[in-house]
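Asks: coordinates only, sequence not included:
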């Protein structure tokens, strides 16, 4: 006896690489355990329009390696109202769907929480490149986004060495510096500016001067967008180090694209399967995540109300190694 | 009997992928034909500082696949003066170097021309990503730069399809729209804005509206920097198509980096070898290039004084296919 | 007035990267010029089964960057008979289709030639990674295949340098060494074994010994499959140079895959459009190609009966530079 | 007061991606904490030849992104003898080096253990693509090797879908199926053959038949080399499913190459720094690893005498999702 018989899956908010692998895992795991599985197009917007279709093994064939989301995503104001939430729950009930898996970020989680209050069993999966969701060490898409940044910096490195120059790379992360931190450590960036750590531009410029004086041939500064525009950092730097002529790169939405890494595909596959099994066992209103290698389910309310702690040890390591 | 006995090679101006493959070809071909080969560090700046060293087979080992230039590049004001040019020629003569191969763009070519007036035999190789040098169908680095742009657009495509959005990609090309054109054709970009072709923003917006109405799920606009900032194009578009929410990506110096494509490596290898053979045969003051598959040498003066024609046929093909 | 009103397109034989870009160009160019365009599934096999469907702008949306062929490919014995060819022509006539564009290699071209004898106007496009079709400098897919090989060798280079080892890479090319030649030149391979050039294993081993003695840290041998198995080359080498412990890599069908390069996409786009325009102008039984940068149409019979000449100049350059 | 004053680092055994990032971390962390740091060329072989040089910040500049190992690696029979081990320890003592960090696999660890018996403080770091070292969830290079395999399968996928074919991919792993497992899960492989799990070829063939019958268009079998040759698996499959025409790809040493992933670079950076700190605190004869996200040091003897358990949960998940 399973606690649910028919489940649906939707993707919501900004897309991230690996969402398709998660959708695939939800569908195939659901079918394996004897459930009917439905897809909702365009997130909560599609839910309110009853844009729902049954999925089988072939609906998720050949998508594991694709970026973006085959279910598409969209914003939905109506769903922020109680009426919208009641309507969404009713549409699911009318179809006999008793469980819903939502793949997205904090906003998407809140929607799942509201639906669970309307009697639908829900699970959230962390689908966002920013790694800004608490109670999971990694979000789906984060590893790929970091890879995209690191690959871009590999390219910059060639051209910078040829000209003895510095490079400022603006990456995503409004409230969470994890992309900047992990990409910065992996690239040997000299300076990593994140919203979680205060910095002093005089010290940044001074350190850079000394490094060039000691024979360094190029210098990389990574700036999380939560800290400010790359162009503004460049202007502040030039004030203090006028002979330096930094180049600014804004990676933008490229960070959301590309085929997901093996890491993200496998994380997504594990989490998608886990969410299905949690629903089958009768749980609801949980956010699924991975903590120290273990899959865990945490109350959505706890997750959305807890700010993810910043990894200061890793930050200090990055600084220590980038002298 | 060869017309030269000792030759040198330098890279100048902005670096481009494949410069190292060209340096390697110059060195190995020179040695093969019995010449001594020297490297000049940091372009004309290094020349004036006598920053010159002898090269052997191993000095160019393991560089064919590297972006940037192992000889480095730099700007040099002094070399724009007659005194600078005379000094540069004297430094080469003092070392017994009678031939110089310069890899770079228009400015680098002019330097080679000035040196030839001072009695040094010179050859120019087209090393720039912009493809803005006349009398060659391709410059060294252009194919790689186009590949970098196309790869970035592949990534944007995933995320755009998920949100039914348009994307504006600003690419290099101040006076030459070739990167925009070739990357646009290869990406199926709906709109390609280049300095060589006038455009009407009303028509661009109108076409985009119609395409979305006909079921297109995303739309790419490529803007060569010579046309304007990507952000400005976005602002103009939103005025005319307010429900569209375009995302702007500025690729910047990433376009100069990355391992060179096989095409660029082979072009560079052929041109480097060709330049050496031209010097051996006694030619001087020529720019080497490839036209319709054939290696050719053209007077540098002719090359720097001729604007490269824009390929309107290819532009029209891109438009025809991107409906 | 156009010479054709309804055209169809099929892919046949081994697939190659860029076939989809060619299909897209045929469809969009055909529609642009006012034709109806049809797709045939699974090559001549599908033709004989009337597996034909009308295509519109959206049928070729989002395929320009995909490897393989959305029209699929298959072998078909029946089509080698006169009855099969008559049946195929009749099926097309019954649907009012008067022109057919065939994308593939020599075998596919012969089919097009036979259909033209049955009154169907045909055009062939060179879709094969091997670059073994005469009257075109490049086939669609060749540049991508070379890129895949070069990328693999980049990876081998890292690990070989760590161990002072040699590496034997077997690549595709039964009768044509072009993949081996172009990838070998681009990788700085020490030895390139192709069906078009005889070689002496004693000399290969001797040269390698000398190069290691002179400080080379790794050595790459590229073997076109037409020459023999990589494993056999390794065995012969070890007989003559026992302290060398070569590693063999067989790239196999990876060479057929991957997203097409910008070069291949643009070549495919130009050729697809060109083939449509040739049909419109009333030509038939022609193979389209690119020679010295110009699009050309040559009688299919001439093409299939002419062996493509090997580029000895390029081969000698590769040897000259790999000392 | 630190327990060591001068430390050395060497790489040994097969190289893996990320070894350079680990060397860099050892050097920079050592210098940060006030130690002198030395590099040993060519593993234990170089140690016995006193091939040792002092390293500074610049010796590890621009290597974080390089595959292979700048310290090179080699086999060394002499070091397997007690005399060799005594000689190695003496050479280190003569230079005043009291700590040694060894990056490699099981064999390399045993060497470190022997040296610690001769009074040298040692730390082992897991540098091998195979992920076959116990007491660490991940080895340095494993994530990159999996990525290389997954990238190759992405390419095969294109061409397979075009022909309705199956593909057999032989990957590394003599005693450990982890590359096969992780790459198989990430690629949606239908069948994963590893040394740790028995299989029945009749069932494999039967399952494949059914999947093709149910509309699957291609099928991937991943074979760890410990199970057998890809060619042999193909022969067995064809006996049971003659209409299937599988293609075999042997990835070979490509799996050891390529720029390390961000994951591997960061793992290597953390472990390299950790090993230095362990030596400073006076520990010795330990293998460093990461278990459930935490860095740990385990007695080398325990590590080399414990077989790594296979992750059956993950294997079952891969099967469950690949129906």
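Replies: Structure received. Note that the structure is a prediction, hence the values are computed from the model and not measured.

Asks: how about the closest residue to chain D within the stretch 51-200 of chain A, what does it touch?
Replies: Among the residues of the stretch 51-200 of chain A, residue A:186 lies nearest to chain D; the distance is 3.9 Å by C-beta to the nearest C-beta. Placement of C-beta: from N, CA and C, glycine included. In this structure, residue A:186 makes contact with A:146, A:150, D:64, D:262, D:265, D:266, D:269, judged by C-beta atoms under 8 Å, 6 or more residues apart in numbering or on different chains.

Asks: got the buried residues for whichever strand or helix holds it?
Replies: Assigned by DSSP states H and E, residue A:186 belongs to helix A:178-187. Buried residues in helix A:178-187, defined by neighbour count with 16 or more other C-beta atoms under 10 Å in any protein chain shown: A:178, A:179, A:180, A:181, A:182, A:183, A:184, A:185, A:186, A:187.

Asks: And for stretch A:191-199?
Replies: For stretch A:191-199, by 16+ other C-beta under 10 Å, it's A:191, A:192, A:193, A:194, A:195, A:196, A:197.

Asks: Repeat that for stretch A:215-232.
Replies: Quick answer for stretch A:215-232 (16+ other C-beta under 10 Å): A:216-227, A:230.

Asks: and it with chain B, contact?
Replies: No: if you take C-beta under 8 Å from any C-beta of the partner chain as the test, stretch A:215-232 misses chain B, and the best it gets is 8.5 Å.

Asks: Determine how far that stretch lies from the middle of the whole chain.
Replies: Between the centre of stretch A:215-232 and the centre of its chain there are 22 Å (C-alpha atoms, centre = their mean, to the nearest Å).

Asks: One more: stretch A:170-186?
Replies: Relative to its chain's centre, stretch A:170-186 lies at 12 Å (C-alpha atoms, centre = their mean).

Asks: Straight-line length of it, end to end?
Replies: Stretch A:170-186 has an end-to-end distance of 16 Å (C-alpha to C-alpha, to the nearest Å).

Asks: I'd like the mean pLDDT over it, please.
Replies: In this model, stretch A:170-186 carries a mean pLDDT of 97.

Asks: How much space separates the most far-flung residue of chain A relative to its centre from chain B?
Replies: Of all residues in chain A, residue A:213 has its C-alpha farthest from the mean position, at 38.6 Å, by C-alpha atoms, centre = their mean. Separation of residue A:213 from chain B (C-beta to the nearest C-beta, to the nearest Å): 18 Å.

Asks: does any part of stretch A:258-271 sit near chain C?
Replies: No: on the criterion C-beta under 8 Å from any C-beta, stretch A:258-271 is out of touch with chain C, staying 9.6 Å away.

Asks: avg pLDDT for that stretch?
Replies: Mean predicted lDDT for stretch A:258-271 stands at 97.

Asks: Quick check: buried residues in that stretch?
Replies: Those would be A:258-271, for stretch A:258-271 by 16+ other C-beta under 10 Å.

Asks: which among the residues you listed are in contact with chain B?
Replies: Counting by C-beta under 8 Å from any C-beta, residue A:258 from these sit close to chain B.

Asks: Tell me which stretches of the stretch 151-300 of chain A form strands.
Replies: Ranges of strands within the stretch 151-300 of chain A are A:166-171, A:191-193, A:219-224, A:247-250, A:286-291, A:294-299, based on DSSP state E, counting those that start in this stretch.

Asks: related to what we said a few turns ago, can the buried residues of stretch A:215-232 go into TSV with extra columns for distance to chain D and pLDDT?
Replies: Formatted as TSV, these follow (distance: C-beta to the nearest C-beta, whole Å; pLDDT from 0 to 100):
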residue	distance to chain D	pLDDT
A:216	7	79
A:217	8	77
A:218	9	82
A:219	11	88
A:220	11	93
A:221	16	96
A:222	12	97
A:223	18	97
A:224	16	98
A:225	19	96
A:226	20	96
A:227	20	96
A:230	20	93
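
Asks: Between which two of these is the distance greatest?
Replies: By the measure C-beta to C-beta, A:217 and A:226 form the most distant pair in the buried residues of stretch A:215-232, at 29.7 Å.

Asks: Just list the residues touching the closest residue to chain B within the stretch 1-150 of chain A, thanks.
Replies: Of the stretch 1-150 of chain A, the residue with the smallest distance to chain B, taken as C-beta to the nearest C-beta, is residue A:67 at 3.1 Å. By C-beta under 8 Å, 6+ apart, the residues touching residue A:67 are A:15, A:17, A:20, A:144, A:256, A:257, A:258, A:259, A:260, B:155, B:158, B:159.
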